[in-house]
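Participant: structure of the sequence below:
(2 chains)
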Amino acid sequence: MEEGFFYVESLSPYVWRRYKVDKLYFEGKTKFQVVHCFYNNFLGKVLFLDHKIQSAEIDEFIYHEALVHPSLVTHPRPQKVVILGGGEGATLREVLRYQSVRQATMVDIDEELVAICQKYLPEWSAGAFDDPRSKLIITDARQFLERNEEKYDVIISDLTEPVSGGPSVYLFTKEFFELVKRRLTPEGVWVLQAGSADEKFSQFMSSLVKTLESVFPVVRPYWSFILSFSLPWGFICASLKPDPLSLSAEEIKDRLEARQVKGLRFYYPGLHHGLFALPRYLLENFKRGRLLTDDNPFIWTL
Amino acid sequence: MKREKFDSFWLEKKEYHTNSCGLFFEVQKVLYAENSKYQRIEVIENEFFGRILFLDGLVQTTERDEFYYHEMMVHPALIAHPHPQKVLVIGGGDGGVVREILRYSVEKVDFVEIDEEVINVCRKYFPWLKKLLGDERVNLFIDDGFNFVNKASEKYDVVLVDSSEPVGPSVSLHEQEFYLAVKSKLTTQGIVVAQMGSPFFHQEELVRKFTFLKDIFSKVYFYTSPVPTYPAGEWGYVFLSDKIDPRQIKRKPPKGLKYYNAETHQRAFLLPQLLAKLRQDLG
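Facilitator: Residues are numbered from 1 along each chain as shown, chains lettered A, B, ... in the order given. As a prediction, this is how the structure comes out:
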């Protein structure tokens, strides 16, 4: 018999998922979002923001390695990196694996969330915030890039999905991508988590591809299956010049070695191109993406 | 239905009454969920029932419907006794039973709860407990109920057994030896009331208890009342006495009650045929 508490998440209007709450760590609201954090005997620690699963101990490394490494490898000399969002600190952890990186700045709007993650999910940041190369800035990502004229080699968007009233709605528009472009060094790379890459729910990813193609010369969507999301997940690497598809496995291996990247559990040179091999349905869906603008941004209505 | 909104999410809590059915609660907030030395203690906030206390996964009390159970545990006996002065409460760490007793001008209430954590948690989440613990008539003892009764040096007019179900720390409170001990600490006109579980789900347990209770007390009366969040929604109690027939009582109940009155008192002792027959068969 099932006893105790269950957390119920709606995946679509017709599908719900129930998680056994084996130990509740945190339940509450920050200024920006609703936060639930608990332990599940299968998934380990899990974090939900605004009722959507963000990270699970069992496979967060897949998501975070997939988000960071294809782009950090693609850039010829990544030294200055900025992460937008990424409150758990795991994206920062992955970036700091590159000894070539001299400065990694994480910009998150939600100071309370960052503190909650450091308290309950310290395995995610694994000391990244204490690294002398890292810097945490609490502000809105768009405001940060508008007010700060500095340029970066790699900009990583690890933001929550645009939901009505949420803090990320205007961080997925053409106007914002143009701002990002102005903050990239000449060989700069921009990568973002792009939401579901499932056949039925890839309209967000499709619209991001369409919108990025109107701003960047190189746009390379890729994906990985994320067990804890129960979905194939989309990412998009866009750049001013370097192309992730132009690298050979040998070059990737050399770059990882030269930058002294250690401790990877998911990404390796032979996987790189595999990530960019897309299912047929995504290629079809990309044709139906729409241009996202500040006047007409994407908002999930699922 | 509110839950048609598809972006809804919630925490849910189930309570099984058999292997295949039970109750379901949405959890607006988990206020407390820890194991004590004796049992699992959980307090949640539910939109409809307010705060709910669970012990080992079973609902003990909810803010919204606790009055049914607490009023019916207390008033039939306190009204039936001609002059209740000394009252003993065993269990009921949430304090609802003691709160109802204090509506009468009793001299003292000895309140015995085995699990100090239940007291600490309820003091925090059920405000009436904090208030009544400040009443000078109430003496709280953290002790096993059976042990306390065995050691007690005085006699009581009314003993109320507000035990949890016969699993976990209250097992001894459901046995013959316990009732023999209680009987030895009763004044001549003394009354014992105990919760007896669900007449629907727990009939075997009811038969088992009746079989030994009728040899200890000359009068054994079953009665029932609704309790919406208890299994089957109707709960059973037993009124034990050597002298007093609760059905003959016509006294005015205290003011401010929500369920108990002179009519519901009478109604409670009118047994459904199922129980009446059981009662008759058992002699």
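
Participant: checking my notes, residue B:67 in a helix, right?
Facilitator: Yes. The assignment for residue B:67 by DSSP: H, G, I helix; E, B strand; the rest coil puts it in a helix.

Participant: the stretch 51-200 of chain A: helices as residue ranges?
Facilitator: A:60-74, A:90-95, A:111-120, A:122-125, A:141-147, A:174-182 (DSSP state H, counting those that start in this stretch).

Participant: highest average neighbour count across those helices?
Facilitator: For the helices of the stretch 51-200 of chain A, the largest average neighbour count (mean count of other CB atoms under 10 Å in any protein chain shown) is found in helix A:90-95, namely a mean of 28. C-beta: built from backbone N, CA, C; applies to glycine.

Participant: phi and psi next, for the residue nearest to residue B:52 when sequence neighbours are not counted.
Facilitator: Nearest non-adjacent residue to residue B:52, counting by CB to CB, 6 or more residues apart in numbering or on different chains: residue B:62, 4.5 Å away. With angles defined as degrees, to the nearest 10, residue B:62 sits at phi -130, psi 150.

Participant: quick revisit: in JSON lines, list the helices of the stretch 51-200 of chain A along with distance to residue B:67 and mean pLDDT.
Facilitator: Shown next, in JSON lines, are the helices of the stretch 51-200 of chain A (distance: least, CB to CB, whole Å; pLDDT from 0 to 100):
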{"stretch": "helix A:60-74", "distance to residue B:67": "48", "mean pLDDT": "98"}
{"stretch": "helix A:90-95", "distance to residue B:67": "50", "mean pLDDT": "98"}
{"stretch": "helix A:111-120", "distance to residue B:67": "39", "mean pLDDT": "97"}
{"stretch": "helix A:122-125", "distance to residue B:67": "46", "mean pLDDT": "97"}
{"stretch": "helix A:141-147", "distance to residue B:67": "53", "mean pLDDT": "97"}
{"stretch": "helix A:174-182", "distance to residue B:67": "57", "mean pLDDT": "98"}
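
Participant: to chain B, which of these lies closest?
Facilitator: Of all the helices of the stretch 51-200 of chain A, helix A:111-120 sits nearest to chain B, with 14.8 Å by CB to the nearest CB.

Participant: stretch A:53-73 close to chain B?
Facilitator: No. Residues of stretch A:53-73 are not located near chain B by CB under 8 Å from any CB of the partner chain, the shortest gap being 10.5 Å.

Participant: isn't residue B:261 right up against residue B:253?
Facilitator: Yes. If you go by CB atoms under 8 Å, residue B:261 and residue B:253 touch, sitting 5.8 Å apart.

Participant: more neighbours: which of the two?
Facilitator: Between residue B:261 and residue B:253, counting by other CB atoms under 10 Å in any protein chain shown, residue B:253 is the more crowded of the two (17 against 14).

Participant: check the secondary structure at the more buried one for me.
Facilitator: coil.

Participant: likewise the one 5 residues further on?
Facilitator: When classified by three-state DSSP, residue B:258 comes out as coil.

Participant: these two touch, right, it and residue B:71?
Facilitator: Yes. With contacts counted by CB under 8 Å, residue B:258 reaches residue B:71, the gap being 6.9 Å.

Participant: more neighbours: those two, which one.
Facilitator: Taking neighbours as other CB under 10 Å, residue B:258 and residue B:71 compare with residue B:71 leading, 24 against 11.

Participant: what sits against the more buried one?
Facilitator: Applying CB atoms under 8 Å, 6 or more residues apart in numbering or on different chains, we find residue B:71 in contact with B:100, B:257, B:258, B:259, B:260.

Participant: C-terminal to the host helix or strand of the first one, what's the next element?
Facilitator: The reference is to residue B:100. Per DSSP states H and E, residue B:100 falls inside helix B:96-101. Per DSSP H and E, the first helix or strand lying C-terminal to helix B:96-101 is strand B:108-113.

Participant: ok, and the closest non-adjacent residue to residue B:223?
Facilitator: residue B:268 (4.1 Å).

Participant: burial count for that neighbour?
Facilitator: Counted with other CB under 10 Å, residues neighbouring residue B:268 total 22.

Participant: pretty sure it contacts residue B:72?
Facilitator: Yes. Using CB under 8 Å, residue B:268 is in contact with residue B:72, at 6.6 Å.
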